[in-house]
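**Student:** I would like the atomic coordinates for the input below:
(chains A and B, ligands or ions: 4)
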Amino acid sequence: MARTAIKDIVINQEWCKRCGICSTFCPKDVFETDAEGTVTVAHPEACIACELCERMCPDLAIHLEYEPPAEAPA
Amino acid sequence: MKSIDSYLRTRFMPHIWCPGCGHGTVLNGLIRSVDAVGLNKNELVMVSGIGCSARIAGYLDFHTLHTLHGRALAFATGVKMSRPDLTILVPMGDGDALAIGGNHFIHAARRNIDITVIVLNNRIYGMTGGQFSPTSGCGIQATTAPYSSIDQPFDAVQLASAAGATFVARTTTYHVNELEQLLTRAIRHHGFSVVEVLSQCPTHFGRRNGHQETVEMLRHFKEGTAKVGSRQLAEQVDLIPRGVFVDEERPEYCDQYAEVIQRAQAARAGGAGGEEPQ
Ligand SMILES: Cc1ncc(C[n+]2csc(CCOP(=O)(O)OP(=O)(O)O)c2C)c(N)n1
Ligand code: SF4
Ligand code: SF4
Ligand code: SF4
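**Tutor:** Ligands and ions are numbered 1, 2, ... in the order given. Here you go, the predicted structure:
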């Protein structure tokens, strides 16, 4: 089965408290952090959809959006 | 899964916990496990006491009771006895569960009443500003132990097991997949379930005890624990074991009470079911 494709990694900046957990533990360095601690998604193409960031975030501020599953061949 | 937001009272978000507080990660894992079990929000009751951990109840869109420090299990027992069909979740801090609430904890375990307890163990009283707790252990800096604590810690897993809990497990806020799996098993288990989650309080435990950054506390959970039954644990006995410690079937309290009611009714009706008490 093909790997599920990630459409987007969305950070809710209103809820994020800049703890740095996602950017520290992401195995693919998808995130970037600026001098104020604001985390942004810099390399979404590297994401392997391990869900670690989404599950570890204490503020429920990260959400992975997946591509809709491809149509099954007839 | 259904969206995380559909389980939350989003009007109260962002939540009150400090940046990097592990209690938020427990909330995150708990929502996923509730979704995995497939329960309807109306079938769930969360009962909590007082503490930063107890505030989880405020954010979840279940039936929720925010009660008294240490007494959540007394209220939860009342709810379960009157409505055994409902699923009861009780999040507790280490102080809430094992200090002021220690007797409620052991006696609920002894009865094997079908309640799922989550002990969010950050080894400190977070809400009241960093007093040492029954799980701090020796050599910990706390506001009430400025020259370090000399009290031996409780082991919540051993305590729950010895008291009679029929499902007992431990994980951490670093091991998020395991967190979801263990909470799912605990909720499904018919009987008293305890999941201890080692959680970080960067504000009052971390800063005083050599961890300037939240992520260091999480690395400590990663490096300081090992799966029960693993070779790593056998070789490094100072590691804290994670996993399932007890998973057994024993008569559940509400089931037994239903039988008491039947015996009493049969006795009243003059049937063969029992004798009228004198
Ligand atoms: C009867 C009573 N005694 C004391 C308190 C004060 N108090 C509030 S929370 C708390 C302890 C919190 O620690 P813990 O249960 O470990 O939870 P945490 O805040 O660390 O998550 C105490 C002593 C209270 N609210 N009620
Ligand atoms: S883990 Fe969550 S709260 Fe922490 S920096 Fe990342 S998005 Fe923000
Ligand atoms: S899902 Fe995994 S790889 Fe993708 S951004 Fe999150 S932590 Fe990184
Ligand atoms: S004081 Fe500690 S336990 Fe309470 S919210 Fe802050 S980090 Fe969490």
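**Student:** now the one residue sitting closest to the centre of chain B, nearest residue through space, not along the chain?
**Tutor:** Residue closest to the mean C-alpha point of chain B, counted by C-alpha atoms, centre = their mean, is residue B:118 at 1.4 Å. Spatially, and ignoring its direct neighbours in sequence, residue B:118 is nearest to residue B:91 (4.7 Å; C-beta to C-beta, 6 or more residues apart in numbering or on different chains). (Each C-beta comes from the backbone N, C-alpha and C, glycine too.)
**Student:** next one: phi and psi at the one you found?
**Tutor:** Main-chain dihedrals, residue B:91, degrees, to the nearest 10: phi -80, psi 130.
**Student:** hmm, it is touching residue B:116, no?
**Tutor:** No. With contact defined as C-beta atoms under 8 Å, residue B:91 does not reach residue B:116; the gap is 9.4 Å.
**Student:** the more surrounded of these two?
**Tutor:** Between residue B:91 and residue B:116, counting by other C-beta atoms under 10 Å in any protein chain shown, residue B:91 is the more crowded of the two (29 against 25).
**Student:** which residues does the residue lying closest to residue A:21 once chain neighbours are set aside contact?
**Tutor:** Once flanking residues are discounted, residue A:21 sits nearest to residue A:56: 5.2 Å by C-beta to C-beta, 6+ apart. When contacts are counted by C-beta atoms under 8 Å, 6 or more residues apart in numbering or on different chains, residue A:56 touches A:21, A:22, A:25, B:25, B:28, B:173, B:174, B:176, B:218.
**Student:** mind doing that once more with 7 Å?
**Tutor:** Neighbouring residues of residue A:56 by C-beta atoms under 7 Å, 6 or more residues apart in numbering or on different chains: A:21, A:22, A:25, B:25, B:176.
**Student:** regarding the residue of the stretch 1-150 of chain B found nearest chain A, what is its secondary structure?
**Tutor:** Relative to chain A, the nearest point of the stretch 1-150 of chain B is residue B:24 (2.9 Å; C-beta to the nearest C-beta). Using DSSP: H, G, I helix; E, B strand; the rest coil, the structure places residue B:24 in helix.
**Student:** spatially nearest residue to it, not counting backbone neighbours?
**Tutor:** Here the residue nearest residue B:24, using C-beta to C-beta, 6+ apart, is residue A:58, at 2.9 Å.
**Student:** picking that back up, what strands flank the helix or strand hosting the residue nearest to the centre of chain B, and is each parallel or antiparallel?
**Tutor:** Secondary structure from DSSP states H and E places residue B:118 in strand B:116-121. Applying DSSP bridges to the sheet, strand B:116-121 is found paired with strand B:87-93 (parallel), strand B:193-198 (parallel).
**Student:** and the contacts of the helix or strand just after the longest one?
**Tutor:** Going back to what we said before, that points to strand B:87-93. Note on strand B:87-93: by DSSP H and E, the next helix or strand toward the C-terminus is helix B:94-98. Here helix B:94-98 makes contact (C-beta under 7 Å, 6+ apart) with B:49-51, B:53-54, B:69-70, B:72, B:105, B:119, B:121-123, B:125, B:133-135, B:154, B:156.
**Student:** which ones among those residues are found in strands?
**Tutor:** Counted as lying in strands by DSSP state E, out of the contacts of helix B:94-98, are B:119, B:121.
**Student:** now list the buried members of the contacts of helix B:94-98.
**Tutor:** Using 16 or more other C-beta atoms under 10 Å in any protein chain shown as the burial test, these include B:49-51, B:53-54, B:69-70, B:72, B:105, B:119, B:121-123, B:125, B:133-135, B:154, B:156 as buried.
**Student:** mind checking which of these are in helices?
**Tutor:** Per DSSP state H, helices hold the following members of these: B:72, B:105, B:156.
**Student:** what is the nearest of the residues you listed to ligand 3?
**Tutor:** Ranked by distance to ligand 3 (C-beta to the nearest ligand atom), those are led by residue B:156 at 29.7 Å.
**Student:** list the contacts for the residue nearest to that closest one when sequence neighbours are not counted?
**Tutor:** Nearest non-adjacent residue to residue B:156, counting by C-beta to C-beta, 6+ apart: residue B:196, 4.4 Å away. The contact partners of residue B:196, taken as C-beta under 7 Å, 6+ apart, are B:119, B:121, B:156, B:157, B:170.
**Student:** pretty sure the fourth one is in contact with residue B:170, am I right?
**Tutor:** Yes. Counting by C-beta atoms under 7 Å, residue B:170 is a contact partner of residue B:157 at 5.2 Å.
**Student:** nice, that's everything, thank you.
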